[in-house]
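Q: need a 3D model of the sequence below.
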Amino acid sequence: MAYRSKAPLRIGLAGGGTDVSPYSDLYGGAILNVTISLYARATLEWTDSTTIEIIALDRGESVSHPLCPALPIDGQLDLVKGVYNRLNREGKLPASGIRISTQVDAPAGSGLGTSSTLMVAILGAFAEACKLPYGEYDLAHLAYEIERKDLGLAGGKQDQYAATFGGVNFMEFYGDDKVIVNPLRVKPEYLDELENNLLLYYSSTSRDSAKIIEVQQKNVQDKNARSIEAMHQLKEQAQQMKEALLRGRLDTIGEILDYGFQQKKKMAEGISNSWLEEIYDTARKAGASGGKISGAGGGGFMIFYCPGNTRHHVAESLTKLGGSVQPYQFTLSGIRSWST
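A: Model prediction:
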């Protein structure tokens with residue numbers, strides 16, 4: 001029998017970076033995001049062997065280890081190993097061979113929360129196979145703990161909760177790992193218009209988000225006033241975005257995105273560069289009213305708000321730069337797991 005799970009990737013619309021400690025612990029963070037129809041997937045099968053086999057189908061990578069209390073964390077498919085080690089340490093896994101395969105619909109380092117979403121999907125497959133009674137907050141928090149604490153990977157908290165809950169959410173982050181997810185009841189016609197006008201563009205570059213986030217964290221620790229004030233403004237931007245969506249003031253979305261983008265660049269070095277600025281300027285000249293880098297910055301996906309009928313012209317102009325426009329739809333459901 002195979003146990004499968006899929007979790008949606010997300011677009012961050014506002015507040016990005018304020019979910020990262022120590023900022024969220026000291027000041028509280030706020031983010032608004034929405035999940036999309038690109039997924040991280042995991043399949044788990046029990047086998048009669050005495051090995052643990054891990055296969056990343058989209059990356060053409062695989063590793064195999066004999067059954068043991070803990071798998072080595074060595075940079076090779078560590079997300080699966082982290083889940084196995086945690087659940088095995090807690091006595092939740094049978095003494096059986098395992099084959100687990102994964103696949104993600106977007107490249108690593110692309111800014112859509114791929115790593116954390118994959119962590120949620122892996123946990124979902126294990127939970128389905130082992131009948132673990134995790135609620136949404138439990139699953140998201142455990143994914144965060146394994147990724148950030150067990151594996152020591154730098155990053156925030158929004159991606160695990162977005163992948164688990166799904167939909168349009170206004171999230172609040174506080175000290176002691178407290179997270180509140182507020183699902184937003186946005187009118188369907190507002191969401192349709194947002195989806196129609198929001199263009200997702202892959203810059204054909206990826207980046208190591210951990211390095212950018214580590215600089216951001218150090219700026220807070222060092223009490224860098226410019227960086228901290230930028231994060232305060234991004235938190236306020238999340239409130240503005242929430243009000244715009246709930247009230248249907250979609251004509252202000254581009255302006256709110258642009259304001260956030262200008263603030264985000266003040267958080268840490270490396271968030272933007274000359275290539276990304278060229279892409280941004282090209283989109284604005286073609287008719288976009290604003291946009292932003294998705295995720296930590298430095299590369300990956302960018303989003304642009306294209307009011308009226310400007311989307312086609314913006315897409316045409318950006319494609320000439322060598323990147324690609326990514327089709328998507330909003331999705332209102334989070335992680336799903338099943339057996340077959």
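Q: buried set for the lengthiest strand in the chain?
A: Longest strand of the chain, by residue count under DSSP state E: strand 29-47. Using 16 or more other Cβ atoms under 10 Å as the test for burial, strand 29-47 gives 29-36, 38-45. To be clear about C-beta, it is placed using only N, CA and C from the backbone, and glycine gets the same treatment.
Q: what's the answer for stretch 237-246, then?
A: Gln237, Ala238, Gln240, Met241, Lys242, Ala244, Leu245.
Q: quick one: buried residues of stretch 15-30?
A: Result for stretch 15-30 [16+ other Cβ under 10 Å]: buried residues 15-21, 23-25, 27, 29-30.
Q: mind listing the strands for this protein?
A: For the chain, the strands defined by DSSP E occupy 2-14, 29-47, 51-56, 61-66, 97-104, 168-173, 179-183, 198-202, 290-293, 301-305, 324-325, 336-339.
Q: tabulate those (JSON lines), appending distance to Gly91 and mean pLDDT.
A: Output for the strands of the chain, formatted as JSON lines (distance: least, Cβ to Cβ, whole Å; pLDDT from 0 to 100):
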{"stretch": "strand 2-14", "distance to Gly91": "19", "mean pLDDT": "97"}
{"stretch": "strand 29-47", "distance to Gly91": "17", "mean pLDDT": "98"}
{"stretch": "strand 51-56", "distance to Gly91": "17", "mean pLDDT": "98"}
{"stretch": "strand 61-66", "distance to Gly91": "19", "mean pLDDT": "96"}
{"stretch": "strand 97-104", "distance to Gly91": "16", "mean pLDDT": "98"}
{"stretch": "strand 168-173", "distance to Gly91": "31", "mean pLDDT": "98"}
{"stretch": "strand 179-183", "distance to Gly91": "27", "mean pLDDT": "98"}
{"stretch": "strand 198-202", "distance to Gly91": "42", "mean pLDDT": "97"}
{"stretch": "strand 290-293", "distance to Gly91": "42", "mean pLDDT": "95"}
{"stretch": "strand 301-305", "distance to Gly91": "40", "mean pLDDT": "96"}
{"stretch": "strand 324-325", "distance to Gly91": "46", "mean pLDDT": "95"}
{"stretch": "strand 336-339", "distance to Gly91": "21", "mean pLDDT": "98"}
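Q: for these, could you give me TSV that also reports distance to Ala315?
A: As requested, those are arranged in TSV below (distance: least, Cβ to Cβ, whole Å):
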stretch	distance to Ala315
strand 2-14	16
strand 29-47	17
strand 51-56	31
strand 61-66	33
strand 97-104	24
strand 168-173	24
strand 179-183	30
strand 198-202	6
strand 290-293	13
strand 301-305	9
strand 324-325	5
strand 336-339	31
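Q: to Tyr144, which of those lies closest?
A: Nearest to Tyr144 among the strands of the chain is strand 179-183; the distance by Cβ to Cβ comes to 8.4 Å.
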